[in-house]
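Colleague: below is the structure, and that's it, no one-letter string:
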């Protein structure tokens, strides 16, 4: 109860930040770090809107080179233009990707690696919520293919570059899987794909929850493997909070809109949610 009241009041915790803090505040506080941000490169998926776009903006504003993988390249150009209006010196690279396609993910990684850039930060943020049963070009249920398998393959193909960058620069690499508290809806004996393959029993919420649980399991196993290798790369999964992003807007309706209106005082803004992505113990270098 005490913790809930502190959250509602926005009272700062041990980190110095509370529920009303924003990513911009964290970035400002960390602006005097010993490593120039211009030496850092970050990949942020899902950066054409919502949490991803805010994350990319804050990183770019602090001098981090930001790579935006995007399915909607036109929208990515608009985001880059918006960021560079505010931060003219922002270094933003746009590359095309469809996270639901293995071939597209492989192509993106090949294109990025060919640039010869370091890779310090990988934020697996993009998300998909299908209300009805859809399949990717690889014949996999779309939500799981996009939210988990695409990010899994992306991380696997870029991991050695991250480990190499950390070893060469002495700067700890960071991998962040943006998950959701909704993963708790999946019980140990109910992680099932068969039901997701039947249009009559398909449940979009369950499919989304399973994909987010997979993100967490991926982070836990990768953390174990990285520790065993003594690699200077950490991986975390984070539930950033609830905010009305594109996923929620895709589910317009009287009930959804009414619930968000009634709960609006309890929900976070996008800049506040972005704080949880950019500030994880140990504090990410900004």
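Modeller: It's in. Here the structure is a predicted model, which means the values were calculated and not measured. Numbering: from 1, shown residues only.

Colleague: what's the burial count for the residue nearest to residue 120 when sequence neighbours are not counted?
Modeller: In space, and not counting its chain neighbours, residue 120 is closest to residue 40: 4.6 Å by C-beta to C-beta, 6 or more residues apart in numbering. The way it works is simple: take the backbone N, C-alpha and C, and place the C-beta from them, glycine included. Residues within reach of residue 40, counting by other C-beta atoms under 10 Å, total 26.

Colleague: so residue 40 sits against residue 64, correct?
Modeller: Yes. Between residue 40 and residue 64 there is a contact at 4.6 Å, judged by C-beta atoms under 8 Å.

Colleague: coming back round to it: contact partners for the residue nearest to residue 120?
Modeller: Listed by C-beta atoms under 8 Å, 6 or more residues apart in numbering, the contact set of residue 40 reads 63, 64, 65, 118, 120, 121, 171, 285.

Colleague: in strands, which of the residues you listed appear?
Modeller: Those of the contacts of residue 40 mapping onto strands are 65, 121, per DSSP state E.

Colleague: just the strands in the stretch 101-250 of the chain please.
Modeller: Along the stretch 101-250 of the chain, the stretches classed as strands by DSSP state E, counting those that start in this stretch are 121-124, 173-178, 233-238.

Colleague: next, format these as TSV and append mean pLDDT, mean neighbour count and distance to residue 101.
Modeller: Putting the strands of the stretch 101-250 of the chain into TSV (pLDDT from 0 to 100; neighbours: other C-beta atoms under 10 Å; distance: least, C-beta to C-beta, whole Å) gives the following:
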stretch	mean pLDDT	mean neighbour count	distance to residue 101
strand 121-124	97	27	16
strand 173-178	95	25	20
strand 233-238	94	22	23
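
Colleague: could you dump those into a markdown table with distance to residue 109 added?
Modeller: As requested, the strands of the stretch 101-250 of the chain are arranged in a markdown table below (distance: least, C-beta to C-beta, whole Å):
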| stretch | distance to residue 109 |
| --- | --- |
| strand 121-124 | 11 |
| strand 173-178 | 14 |
| strand 233-238 | 16 |
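
Colleague: just so I know, which of the ones you listed lies nearest residue 93?
Modeller: Nearest to residue 93, of all the strands of the stretch 101-250 of the chain, is strand 121-124, at 13.6 Å by C-beta to C-beta.

Colleague: just checking, residue 211 touches residue 142?
Modeller: No. With contact defined as C-beta under 8 Å, residue 211 and residue 142 do not form a contacting pair (9.9 Å).

Colleague: so these two - more neighbours on which side?
Modeller: Using other C-beta under 10 Å as the criterion, residue 211 and residue 142 rank with residue 211 on top: 28 against 20.

Colleague: tell me who's in contact with the more buried one.
Modeller: Applying C-beta under 8 Å, 6+ apart to residue 211 gives the contacts 143, 144, 146, 147, 148.

Colleague: hang on, the last one packs against residue 214?
Modeller: Yes. When contacts are counted by C-beta under 8 Å, residue 148 is listed as touching residue 214 (4.1 Å).

Colleague: compare these two (neighbour count), which wins?
Modeller: More crowded of residue 148 and residue 214, by other C-beta under 10 Å: residue 148, with 24 against 21.

Colleague: okay, the more buried one: pLDDT?
Modeller: pLDDT for residue 148: 96.

Colleague: could you do residue 201 as well?
Modeller: At residue 201, the model reports a pLDDT of 83.

Colleague: got it, and the one 4 residues further on?
Modeller: We have a pLDDT of 88 for residue 205.

Colleague: now do the one 10 residues further on
Modeller: pLDDT, the model's per-residue confidence, is 94 for residue 215.

Colleague: residues contacting it?
Modeller: Shown in contact with residue 215 (C-beta under 8 Å, 6+ apart): 124, 147, 148, 151, 177, 178, 179, 183, 237.

Colleague: the residue nearest to residue 48 when sequence neighbours are not counted: which element?
Modeller: In this structure, residue 48 finds its nearest non-sequential neighbour in residue 75, 4.3 Å apart by C-beta to C-beta, 6+ apart. Element membership for residue 75 (DSSP states H and E) is helix 73-86.

Colleague: by contact count, what packs against that helix?
Modeller: Under the contact criterion of 3 or more C-beta pairs under 8 Å, 6 or more residues apart in numbering; DSSP states H and E, helix 73-86 touches helix 50-61, strand 65-70, strand 92-96.
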